[in-house]
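Participant: Next one to model:
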Amino acid sequence: MKILAIDTATERCSVALCVGARWIERAVDTARGHAEIVLPMVEQVLEEAGVRLAELAGIAYGRGPGAFTGVRIAIGVVQGLAYGADLPTVGISNLAAVAQQVAAPGARILVCMDARMSEVYWAVFEVADDGLVHAASVESVGAPGSVTAHSITHAVGTGFAAYPELRARWTHVPVRDDLLPHARQIAMLAEPVFRAGQGEPATRAQPVYLRNQVVSVKTP
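Facilitator: Residues are numbered from 1 along each chain as shown. Reported below is the predicted structural model:
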């Protein structure tokens, strides 16, 4: 199966192309400029693989939560590519994409990503028999003190670096506070959805923000 995946929801802009067991990937960590670099990265991986867009089974994308502008960039790029090539799309949680990086049999993973404004995006994931993570809680956004999780085996995400009180609450498990979403894990999580024929038309690609207010307002 040939799957293209795109993620621009955080400071990491990444593209991955899965062609059977082969992976072709590009990733750049940058605070801005995702809109300018993501399409050239897509062109590079397709050219390197010798694959035309129309040959893909579908396009997966990081649907959030993440930076408002970053998530919108991914949606816009995916809609443009998929609509023109008549390809299905699958949106994957950026929190799940982070959890997938530490997936191991029996793992129960707490993901906390820095959401700015003194908040984190967070959720708990469990690893199924197929080696892929599945949600074990709803995705939420809130103050670090609002995070609740039990029987955790791994704690990951930039929220643990931004808010030391989170790390202090889960001292008994390994913490990875440097992990960001990557397109490879998005493609991995999307593959069974495509195989089941459950991809969505490009026009139905939707972001997940969790937060209604996307900028802070300073009071006089």
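Participant: May I ask you to confirm that A190 is in contact with I6?
Facilitator: No - with contacts counted by Cβ atoms under 8 Å, A190 stays clear of I6, the gap being 10.8 Å. For every residue, glycine as well, the C-beta is placed using N, CA and C.
Participant: residues shared between the contacts of those two?
Facilitator: Both A190 and I6 are in contact with A60, where contact means Cβ atoms under 8 Å, 6 or more residues apart in numbering.
Participant: OK, contacts around V124?
Facilitator: V124 neighbours (Cβ under 8 Å, 6+ apart): 108-111, 135-137, 149, 152.
Participant: neighbour-wise, which of these leads?
Facilitator: Ranked by the number of neighbours (other Cβ atoms under 10 Å), those place V111 first, at 34 neighbours.
Participant: The nearest residue to E139 once chain neighbours are set aside - how many residues pack around it?
Facilitator: Nearest in space to E139, with sequence neighbours left out and distances taken as Cβ to Cβ, 6 or more residues apart in numbering, is A123 at 4.4 Å. Neighbours of A123 under the rule other Cβ under 10 Å: 27.
Participant: ditto for G131
Facilitator: G131 sits with 11 neighbouring residues when counted by other Cβ under 10 Å.
Participant: quick one, what contacts the closest residue to it other than its chain neighbours?
Facilitator: Nearest residue to G131 in three dimensions, chain neighbours excluded: A103, at 6.2 Å (Cβ to Cβ, 6+ apart). Applying Cβ under 8 Å, 6+ apart, we find A103 in contact with 109, 127, 131-133.
Participant: most centrally placed residue in this structure?
Facilitator: Residue closest to the average C-alpha location in the chain (Cα atoms, centre = their mean): N94, at 2.4 Å.
Participant: and that residue, what does it touch?
Facilitator: Going by Cβ under 8 Å, 6+ apart, N94 touches 7, 9-10, 62-66, 113, 121, 181.
Participant: again, only this time at 6 Å
Facilitator: The contact partners of N94, by Cβ atoms under 6 Å, 6 or more residues apart in numbering, come to 9, 62, 64, 66, 181.
Participant: For the fourth one, the count of nearby residues, please.
Facilitator: Pointing back at G66 there. G66 has 29 neighbours, counted by other Cβ under 10 Å.
Participant: so it makes contact with A9?
Facilitator: Yes - here G66 lies in contact with A9, judged by Cβ atoms under 6 Å, at a distance of 2.8 Å.
Participant: Secondary structure element holding the residue nearest to E139?
Facilitator: Assessed by DSSP states H and E, A123 sits inside strand 120-127.
Participant: Same question for V138.
Facilitator: Judged by DSSP H and E, V138 forms part of no helix or strand.
Participant: Look up how far V98 lies from the closest residue in space to it that isn't next to it in sequence.
Facilitator: Closest residue to V138 apart from its sequence neighbours, by Cβ to Cβ, 6+ apart: A123 at 6.9 Å. Distance, A123 to V98, using Cβ to Cβ, to the nearest Å: 10 Å.
Participant: swap in E119?
Facilitator: Taken as Cβ to Cβ, the span from E119 to V98 is 16 Å.
Participant: who has more neighbours, those two?
Facilitator: Counted by other Cβ under 10 Å, E119 and V98 do not tie: V98 has more neighbours, with 27 against 20.
Participant: ok now do that one, which residues does it touch?
Facilitator: Going by Cβ under 6 Å, 6+ apart, V98 touches 111, 156-157, 179, 181.
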